[in-house]
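# Return atomic coordinates for the entry below.
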Amino acid sequence: MRKMLQAVLVALVFFTAFWLSGPGVNNSTLAQPQGLRYWKGNLHTHSLWSDGNDFPDMITDWFKKHGYDFLALTEHNILAEGDKWVTVEKGVGAKGKALEKYLARFGPEQVEQKMEKGKLQVRLKPLSKVRAMFEEPGKFLMIPAEEITHKFAKYPIHMNGLNIKETVKPVDGASVRETIQVNLRNLSAQGKKHAVSTLGFLNHPNFRESIPAEEILTATDLKFFEVFNGHPGVRNYGGKDFPSCEQIWDIALSVRLGKLNLPILYGLATDDSHEYHDFGAGKTNPGRGWVMVRSEKLEPALLLEAMKRGDFYSSTGVILEDIHQAGDVYRFKIKPEEGVAYRTQFLGTLKGTPLEGQAAKDKDGKPVQATGTYSSGIGQVLAEIEGENPEYKITGKEIYLRARVVSSKLHKNPFLKGDKEMAWTQPILPLRAGQ
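Next up is the predicted model:
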């Protein structure tokens, strides 16, 4: 009888964990098994295979030496495989500088060169060779990826596809939203075709202010987007007539969860790096934004499945530990640095907040492609905590809850001059104890 009771209890625990891991619930709020750890990765990177200004093996070497555990080279509409040569003039321009550094790092025997019609050409190493050079089980991983680069009308629509086996050719949709949807579906179809886990996310909605919150909140297949992108051409913090990426996030979360019964939208921080020789604000450099994914092993499927559970956070420098919900309390620890202070804002939208927006219009009253006006109660600061051990007591009135940590430490190579190091936790549906 005792053995039967134990079996029933084990089954009940398993069923409860399975039910809680369904769509829209962030498993980072649950008790975690032993052996999990955070892995640091960048998911938006460009090389000379597209519009970056350095060789893919040099870029990969930089990320590995700077403490990253995984990297995705995301070239525009190509998977970095096959045969490609670039024309280089020694000592001239970014490519000339790149070649000098390339030869110094790897030696002429590792750099394939040829003269073509009087011009020097250098062969780019394909992803398969770069992986062979740098990957180490449990230490460093490269995820095959692509930036699916497209547009609707004049609006750029870029999405990154992770863990791909072949190029995802961009296709047209009938609107901004449908263009996002159809390309994400094609990525998903490729994953099913090859029986691999893939993940797609929307890049920089504020690049040319192209993608309003309304297009994001109604895109049912969209579950990830860039809340921070290190490219200086992206208006992460918004402007006079358009919201910040965080405001877009809060609008989308509020309406998706509070009205449309759609899944949580998760926010990523990325570099979108293109420039690797001259560093500073205004340059598209590496090292500005990344994700920290909690997984038992450094494997593509496990990392992507953890992200799909929301078991990750995004950062520009702040390191978090032990993110979880215990009863009515949502808490985490901040890894301290000497002389650095931390301020955590818990943000969310309370039930009963008006979720209808007023459509954006021009001076003549005609609708325009822009985020509308919404209640100030959307994405409000519910609590603000100083120190390294912030926590929030859940009331059950929240539609969702997320946290933003701002440190007093200036970023050493900022997106904008004066930026402080930050971190963002992923939104949760904050069930109270007993619910």
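
# Specify the strand with the largest residue count in this structure.
Secondary structure of the chain per DSSP state E: the longest strand is strand 398-410.

# can I get the CA coordinates of that strand in PDB?
Below are the C-alpha coordinates for strand 398-410, written out as PDB (Å, rounded to 0.1, in the frame of the first residue of the first chain):
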ATOM      1  CA  GLU A 398      -1.000  41.300 -12.300                       C
ATOM      2  CA  ILE A 399      -1.600  40.200 -15.900                       C
ATOM      3  CA  TYR A 400       2.200  39.600 -16.100                       C
ATOM      4  CA  LEU A 401       5.300  40.500 -14.200                       C
ATOM      5  CA  ARG A 402       8.900  41.200 -15.500                       C
ATOM      6  CA  ALA A 403      11.900  42.900 -14.000                       C
ATOM      7  CA  ARG A 404      14.500  45.300 -15.300                       C
ATOM      8  CA  VAL A 405      17.800  45.800 -13.400                       C
ATOM      9  CA  VAL A 406      19.900  48.900 -13.900                       C
ATOM     10  CA  SER A 407      23.400  49.100 -12.400                       C
ATOM     11  CA  SER A 408      25.400  52.200 -11.600                       C
ATOM     12  CA  LYS A 409      28.200  50.900 -13.800                       C
ATOM     13  CA  LEU A 410      28.700  52.600 -17.200                       C
END
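
# That strand packs against which elements?
helix 245-255, strand 329-334, strand 342-350, strand 420-425 (3 or more CB pairs under 8 Å, 6 or more residues apart in numbering; DSSP states H and E). In this view, the C-beta of every residue, glycine as well, is placed from N, C-alpha and C.

# which element is the closest residue in space to Q426 that isn't next to it in sequence on?
Closest residue to Q426 apart from its sequence neighbours, by CB to CB, 6 or more residues apart in numbering: G310 at 4.3 Å. Assigned by DSSP states H and E, G310 falls within no helix or strand.

# Quick check: G310 touching P263?
No: here G310 lies out of contact with P263, judged by CB atoms under 8 Å, at a distance of 9.9 Å.

# which residues of the stretch 151-300 of the chain fall in strands?
In the stretch 151-300 of the chain, the segments counted as strands under DSSP state E, counting those that start in this stretch are 155-162, 199-202, 224-229, 266-270, 290-295.

# What helices and strands are in contact with the last one?
In this case it means strand 290-295. Taking 3+ CB pairs under 8 Å, 6+ apart as the contact cut, strand 290-295 packs with strand 37-42, strand 266-270, helix 300-308, strand 312-315.

# sorry, back to before: what about G310 and P263, which has more around it?
Of the pair G310 and P263, G310 is the one with more neighbours under other CB atoms under 10 Å, namely 25 against 18.

# quick one, phi psi at that one?
Backbone torsions for G310, taken as degrees, to the nearest 10, come to phi 80, psi 20.

# now do R208
phi 60, psi 30.

# contacting residues around it?
Residues near R208 by CB atoms under 8 Å, 6 or more residues apart in numbering: Y155, P156.

# at 6 Å instead, please
Counting by CB atoms under 6 Å, 6 or more residues apart in numbering, R208 makes contact with P156.

# Kindly report the same for the one 10 residues further on.
Remark: with contacts taken as CB under 6 Å, 6+ apart, T218 is in contact with R177.

# okay if I get the strands of the stretch 151-300 of the chain as CSV plus mean neighbour count, distance to E321 and mean pLDDT?
Shown next, in CSV, are the strands of the stretch 151-300 of the chain (neighbours: other CB atoms under 10 Å; distance: least, CB to CB, whole Å; pLDDT from 0 to 100):
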stretch, mean neighbour count, distance to E321, mean pLDDT
strand 155-162, 23, 25, 97
strand 199-202, 24, 24, 98
strand 224-229, 26, 20, 98
strand 266-270, 26, 17, 98
strand 290-295, 24, 10, 98
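
# May I see those strands arranged in CSV, with distance to R208 as well?
Formatted as CSV, the strands of the stretch 151-300 of the chain follow (distance: least, CB to CB, whole Å):
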stretch, distance to R208
strand 155-162, 6
strand 199-202, 14
strand 224-229, 13
strand 266-270, 17
strand 290-295, 24
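
# wait, which of those strands is closest to V406?
strand 224-229 (12.6 Å; CB to CB).

# And the contacts of the closest one?
201-204, 236, 245, 249, 266-270, 272, 289.

# Apply 8 Å and report the result again.
Applying CB under 8 Å, 6+ apart, the contact partners of strand 224-229 are 44, 199-205, 207, 216, 236, 245-246, 249, 265-272, 289, 307, 314, 316, 415, 422, 424.
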